[in-house]
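[1] Here you go, sequence then predicted model.
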Amino acid sequence: MTTDMINGAIGADPLAGKSLRHFFERDAIEVARDLLGCHLMVNGAGGRISETEAYYPDDEASHSFRGPTKRNGAMYGRPGNVYIYRIYGMYWCLNFVCTPGSAVLIRALEPETGLPVMMERRGTDVLTQLCSGPGKLCQALGIDIAINDRTLDQPPYAISPSAPVPVVSGKRIGITKNAEAPWRFGIQGSRYVSKPFR
DNA sequence: CTGCAGATAGTCT
DNA sequence: GACTATCTGCAGG
């Protein structure tokens, strides 16, 4: 929706447990912005994160709004934990935990590594359609509930830093409660997003 | 580009 | 029993 500034870097050694925690134990909006440009790998496939959304415990759109349940347990794990859930009966969504009950939904990335396997899983060779949405991204990376509630600095996951990128923001997608909050973030000008920012 | 219908099943009320 | 942090295919501009 708006202009915005430049995000920060993840740090020199994001894979060390201490700095991973440092990076994620912050406000979900800050983390959502700073994740843009970072490289995510899952079992040898991945790329550059291009779109994220922030969710909070007191946010009606968040799975944590009514407190811990069987499904959302991973949202209360350590900062840097992974929370995966099924949506609409057929897709998976990937989140990174920040402070307890708050998380960042990983909505899109620019494919870089493991293109053949991602194309195979997605049934297309169009790069901009491989990971341009939370469900597509999980399908391309082979993500399902079997790798829920894990830390990002251990296999099958790996995350690495980026140089700062220009950030745009807008309203979150697909929600009805608290829908006006501008907590969706993307790399300005990226073609690898689920919907244009405007 | 935008909008809509339908698929599909786990979670929560 | 209702709802859902989605995707695809198709219609129309």
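    That came through, no problem.

[2] Enumerate the residues of chain A near DNA strand B.
    Counting by Cβ under 7 Å from any atom of the strand, the residues of chain A close to DNA strand B are A:63, A:66, A:69-72, A:85-86, A:88-90, A:195-196, A:198. Every residue, glycine included, has its C-beta placed from N, CA and C.

[3] Whatever residue of chain A ends up closest to DNA strand C and A:Glu30: what is the separation?
    Closest contact between chain A and DNA strand C, by Cβ to the nearest atom of the strand, is at A:Gly174 (1.6 Å). Going from A:Gly174 to A:Glu30 by Cβ to Cβ, to the nearest Å gives 23 Å.

[4] if you count what's nearby, which of these two comes out ahead?
    Taking other Cβ atoms under 10 Å, A:Gly174 and A:Glu30 do not tie; A:Glu30 has more neighbours (16 against 13).

[5] So the more buried one versus A:Trp183, what's the distance?
    11 Å.

[6] Can you work out which residues contact both of those two?
    When contacts are counted by Cβ atoms under 8 Å, 6 or more residues apart in numbering, the set common to A:Glu30 and A:Trp183 is empty.

[7] thinking again about what came up before, helix, strand or coil for the residue of chain A closest to DNA strand C?
    Put simply, A:Gly174 is coil when judged by DSSP: H, G, I helix; E, B strand; the rest coil.

[8] Let me know the pLDDT of it.
    With respect to pLDDT, A:Gly174 has a value of 94.

[9] related to what we said a few turns ago, ok, of the residues of chain A next to DNA strand B, which come out buried?
    Taking 16 or more other Cβ atoms under 10 Å as the criterion, what is buried in the residues of chain A next to DNA strand B is A:63, A:72, A:85.

[10] Take the residues of chain A next to DNA strand B and keep only those in strands.
    Secondary structure from DSSP state E places A:85-86 of the residues of chain A next to DNA strand B in strands.

[11] possible to save the residues of chain A next to DNA strand B as CSV with distance to A:Ile49?
    CSV is the format used below for the residues of chain A next to DNA strand B (distance: Cβ to Cβ, whole Å):
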residue, distance to A:Ile49
A:His63, 21
A:Arg66, 28
A:Thr69, 27
A:Lys70, 28
A:Arg71, 24
A:Asn72, 22
A:Tyr85, 19
A:Arg86, 22
A:Tyr88, 23
A:Gly89, 26
A:Met90, 23
A:Lys195, 16
A:Pro196, 17
A:Arg198, 21
